[in-house]
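A.B. asks: can you look at this prediction? I've put the sequence above it.
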Amino acid sequence: MSFLAYPPPRYGGTHGLVSASFRSADTPPELVSGGDDGGVTGAGRSQRTSYLATGASTGGEFGLYRVDMPARGRGPSTHFHRTLSESFFVLSGTIRLFDGADWVDAGAGDFLYVPIGGLHAFHNASDAPASMLLLFCPGAPREGYFEGFARMASMSDEERRDFYLQHDNHWV
């Protein structure tokens, strides 16, 4: 059996720190996108993204986001990232996940890990809402990516290309 080694210590104290942060389940989402303007999810429906732990709040270690998708909610087409891995954990409903080779209908408790450079995509093809956790490692500033969707319609093709490159999204 092969074991990975622990990384070198980054905290040298002897008593520990009081430094944890708590987010209540009733905290409103930071971003509501879509709706009547067509957005990422289609007319009349909204996708909600909650910033559970941003790269800034974790010192760049990871970013964790909850995405609540409406029925028939769209997601990104096939793409990859050069600087970060992405993991998906389905909380409720059914989300179609693409692992680079096949699409799978993932339900509550299902998990998909996509290493750096791995092709992936997702959307909610069902007639019911669905929720999932997205984990990015290391913690890149993904908030700007999520929030940028509201400006997509007004961007030129060049601006859109630059936006995607700035946020490490490479479409295939």
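C.D. replies: Right, received. Where do you want to start? Fair warning: this is a prediction, and the values are worked out from it, not measured in the lab. Residues are numbered from 1 along each chain as shown.

A.B. asks: wait, doesn't Tyr65 sit right on Tyr51?
C.D. replies: Yes: using C-beta atoms under 8 Å, Tyr65 is in contact with Tyr51, at 6.0 Å. No exception for glycine: its C-beta is placed from N, CA and C like everyone else's.

A.B. asks: C-terminal to the worst-scoring helix or strand of the chain on mean pLDDT, what's the next element?
C.D. replies: Here the helix or strand of the chain ranked lowest by mean pLDDT, DSSP states H and E is strand 31-35, holding a mean of 76. Scanning forward in sequence from strand 31-35 by DSSP states H and E, the next helix or strand is strand 45-53.

A.B. asks: mind checking how far that next one is from the chain centre?
C.D. replies: Taking C-alpha atoms, centre = their mean, to the nearest Å, the mean C-alpha location of strand 45-53 is offset from the chain mean by 9 Å.

A.B. asks: need the CA coordinates for that strand. CSV is fine.
C.D. replies: What follows is strand 45-53, C-alpha atoms only, in CSV (Å, rounded to 0.1, in the frame of the first residue of the first chain):
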residue,chain,number,x,y,z
ARG,A,45,-35.5,30.6,-13.6
SER,A,46,-32.6,31.5,-11.3
GLN,A,47,-29.4,29.7,-10.3
ARG,A,48,-28.1,30.6,-6.8
THR,A,49,-24.5,30.4,-5.9
SER,A,50,-23.4,30.6,-2.3
TYR,A,51,-19.7,31.3,-1.6
LEU,A,52,-19.1,28.9,1.3
ALA,A,53,-15.3,29.4,1.3
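
A.B. asks: ok, and what's touching that strand?
C.D. replies: Residues outside strand 45-53 that contact it (C-beta atoms under 8 Å, 6 or more residues apart in numbering): 21, 23, 27, 29-35, 39-41, 62-73, 133, 139, 143, 146.

A.B. asks: ok but Ala128 is inside a helix, no?
C.D. replies: No: counting by DSSP: H, G, I helix; E, B strand; the rest coil, Ala128 is not part of a helix but coil.

A.B. asks: any weak-confidence spans in this protein?
C.D. replies: 1, 34-44 (pLDDT under 70).

A.B. asks: need the longest helix for it.
C.D. replies: helix 157-166 (DSSP state H).
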